[in-house]
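[1] take this sequence and fold it.
(one chain, ligands or ions: 2)
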Amino acid sequence: MKKVYFRSLVAVVMIISFISFHSIKIAATEKASDDLQISKEISDDDFIDYLNKPVQGDLQSFPKMDKLPGESTHNKAIINKDAIDKSIRYDNLNPNNIKSRDTNDNIVIYGDTITGYLTTGGDYALYPASLYTGQYLQVRLTQPDNANIDYDMYLLDEDFYIIKSSEYYTFMSGTVGTVPESIGYIADSDETVYVYILAATGYSSTDSFTLEYTIGENNYDSGEPDENPQELTQLAFTNSQATASRTICSPIDNDWYSFTVLDAPEYSKMRFSITSSSNVNGCSFEIYENIASSGYALHRRAAGTSGEMALEPDTYYLRVISSNTLTDFDVTDIPTYSLKVLPVAVVDTIEILNYTSQNYVTYNEGSHHRVEHDPLLGADKVGVRCRAKYSEPSGLTHPSPNVQIICTVENPEWTNLNRPDLAITQSYNTTDADGICIIFVYMHYGVGGEHYDGPVSRHYYDYMKLNLRDLDENAELNDRFYYLVRSVG
Ligand SMILES: [Ca+2]
Ligand SMILES: [Ca+2]
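    Numbers count the residues shown, from 1 in each chain. Ligands and ions are numbered 1, 2, ... in the order given. As a prediction, this is how the structure comes out:
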């Protein structure tokens with residue numbers, strides 16, 4: 001059944017549908033050799049969504065941030081250096097603590113994990129780091145998993161002026177806690193800087209905070225530092241996709257991006273994927289919406305390495321993180337990641353433009369495309385070039401880019417023999433900017449259950465079924481073709 005697209009319907013889609021692909025298994029043909037690539041499996045196993053975790057509280061209710069105590073310009077922390085209790089919460093970030101080294105490329109990562117407590121309102125902890133020119137300091141603060149506690153983190157120069165800040169409002173995205181405060185800083189001279197952790201709201205003498213830090217040499221790319229959304233890179237969609245390729249420079253690296261979902265039929269869903277060039281150092285992404293009217297209160301919407309979801313029109317934040325820890329990150333294999341964000345268009349029609357070979361014959365069931373068994377091949381395949389599109393109420397049609405089209409081939413002869421395992425094979429592909437893709441589906445050996453007497457020989461064939469549909473099954477198309485198994489005569 002055709003569905004006509006109405007712009008107003010998409011505009012009010014506020015409920016997010018998580019698409020599970022688990023049931024889709026692309027069957028491999030038994031006779032196929034390994035290089036035929038027919039057992040592609042669409043999998044979202046590594047895509048977690050947090051959509052059924054409701055946004056908590058009034059979106060406008062975030063209190064004004066407790067700014068640093070001190071001057072009215074709020075740019076300097078008032079700390080009496082002489083009064084600093086160096087026995088507690090004052091540890092040098094030790095640049096001698098080597099975590100990983102690549103002697104060939106002179107890449108070194110120093111780092112460690114520190115835990116501490118802030119025990120009264122306005123309490124703070126201070127950690128000096130002595131840096132050489134060009135060293136990259138990254139710090140990540142994980143606060144107690146408590147909605148009533150809001151710690152913030154600042155980087156101060158040696159006179160305690162603020163160089164950088166990380167001031168997320170605490171916002172618990174279900175069980176995953178609040179996004180950790182993070183700061184990155186590349187030393188422009190030999191200098192000492194101070195990591196300053198402040199109890200902006202609440203405190204705890206029983207639940208500790210965790211501060212992880214790395215000091216890197218020659219480990220970072222030109223996109224650093226971008227450790228929180230104040231330094232993000234905007235993803236722009238060109239030819240219906242946005243891509244980013246960067247490196248994960250440390251196990252606590254954050255790379256922040258934003259992207260905007262438009263109120264348009266080309267944005268009916270968003271698809272995300274990330275891959276790492278390294279087998280040792282992995283990565284993943286997290287997707288957030290900012291629910292604060294100013295500053296950042298980040299609600300996690302999804303996390304994983306691939307998947308797609310509908311998102312209401314808005315600007316979203318995407319964080320790329322390492323899958324590794326300070327102890328298992330290997331700087332000899334700094335990973336380059338490939339991030340893709342694709343808007344998936346609405347689709348209401350799928351059509352076949354042509355089969356990939358121009359072989360059409362007329363047998364008993366009329367004129368259809370014919371695939372001939374080739375004994376030299378490990379498996380026979382059918383190739384179909386199809387287009388996905390959608391219609392406006394006026395009837396005007398547009399191509400549907402980035403739609404995943406699944407092609408299912410069924411041999412009814414095997415179905416009749418009660419062998420669905422031999423009857424059905426599948427494959428899929430994704431439409432291009434013109435809504436077009438080519439899909440090849442390999443098949444098990446034919447039965448030859450039908451025959452047609454030609455002028456010189458008898459053709460034994462199977463009358464195959466072919467089905468095209470999009471993942472959400474908004475559109476589908478059925479066709480038939482002949483599978484010539486053998487000729488006798
Ligand atoms: Ca905070
Ligand atoms: Ca980064």
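
[2] I'd assumed E413 was in a helix, is it?
    Yes - assessed with DSSP: H, G, I helix; E, B strand; the rest coil, E413 lies in a helix.

[3] so what's it up against?
    E413 makes contact with A423, G446, V447, G448, G449, E450, D462 under the criterion C-beta atoms under 8 Å, 6 or more residues apart in numbering. Where C-beta positions appear, they are placed from N, C-alpha and C, glycine not excepted.

[4] what's the burial count for the second one?
    G446 sits with 22 neighbouring residues when counted by other C-beta atoms under 10 Å.

[5] quick one: pLDDT of R140?
    Listed pLDDT for R140 reads 97.

[6] C-terminal to the helix or strand harbouring it, what's the next element?
    Element membership for R140, per DSSP states H and E: strand 136-142. Following strand 136-142 in sequence order, the next helix or strand is strand 150-156 (DSSP H and E).

[7] that next one to strand 136-142, inter-axis angle?
    160 degrees (axes from the mean of the first three to the mean of the last three C-alpha atoms, to 10 degrees).

[8] ok, the helix or strand that strand 150-156 is followed by: who's next to it in the sheet?
    Once strand 150-156 ends, the next helix or strand along the chain (criterion: DSSP H and E) is strand 162-166. When pairing is defined by DSSP bridges, strand 162-166 lines up against strand 150-156 (antiparallel).

[9] the strand it pairs with and ligand 1 in contact?
    Yes - judged by C-beta under 5 Å from the ion, strand 150-156 and ligand 1 are in contact via D150, D152.

[10] what sits up against that strand?
    Taking C-beta under 8 Å, 6+ apart as the rule, strand 150-156 contacts 65, 68, 77, 118, 137, 139, 141, 143-144, 162-170, 181-183, 185, 193-202, 209.

[11] ok, now stretch 357-366?
    By C-beta under 8 Å, 6+ apart, stretch 357-366 touches 367-372, 383, 450, 452, 459, 461, 463, 480, 482.

[12] now the end-to-end length of that stretch.
    18 Å (C-alpha to C-alpha, to the nearest Å).

[13] what's the answer for stretch 332-349, then?
    49 Å.

[14] and that stretch, is it in reach of ligand 2?
    No - on the criterion C-beta under 5 Å from the ion, stretch 332-349 is out of touch with ligand 2, staying 11.2 Å away.

[15] strands along the stretch 201-350 of the chain, start to end?
    204-217, 233-234, 242-247, 254-261, 269-276, 283-290, 298-304, 306-309, 314-322, 336-344, 349-355 (DSSP state E, counting those that start in this stretch).

[16] go ahead and confirm G282 touches P251.
    No - G282 lies out of contact with P251 (C-beta atoms under 8 Å); the separation is 10.5 Å.

[17] dump the residue contacts of R387.
    I350, E351, L353, P399, T431, D434, G435, I436.

[18] now the buried members of those.
    Buried by 16 or more other C-beta atoms under 10 Å: I350, P399, T431, G435, I436, out of those.

[19] tell me what the last one is bridged to.
    The partner list for I436 in beta bridges (DSSP bridges) reads R387.

[20] got the confidence number for it?
    97.

[21] can you give me the neighbour number for the residue lying closest to N148 once chain neighbours are set aside?
    Using C-beta to C-beta, 6 or more residues apart in numbering and skipping the chain neighbours, the partner closest in space to N148 is G202 (4.8 Å). Applying other C-beta under 10 Å, we find 17 other residues in the vicinity of G202.

[22] next up, phi/psi of G202, please.
    Phi and psi for G202, reported as degrees, to the nearest 10, are phi 70, psi 180.

[23] quick check: it touching D123?
    No - counting by C-beta under 8 Å, G202 does not reach D123; the two are 10.3 Å apart.

[24] surely S182 touches V139?
    Yes - between S182 and V139 there is a contact under C-beta under 8 Å: 6.9 Å.

[25] quick one, which of those two is more surrounded?
    V139 (29 against 25).

[26] nearest residue to the more buried one in space, please, no chain neighbours.
    For V139, the closest residue by C-beta to C-beta, 6+ apart turns out to be Y213, at 4.7 Å.

[27] contacts only, for the nearest residue to V331 once chain neighbours are set aside.
    Excluding the flanking residues, the one nearest V331 by C-beta to C-beta, 6+ apart is S100, at 4.2 Å. By C-beta under 8 Å, 6+ apart, the contact set of S100 is I107, V108, I109, F329, D330, V331, T332.
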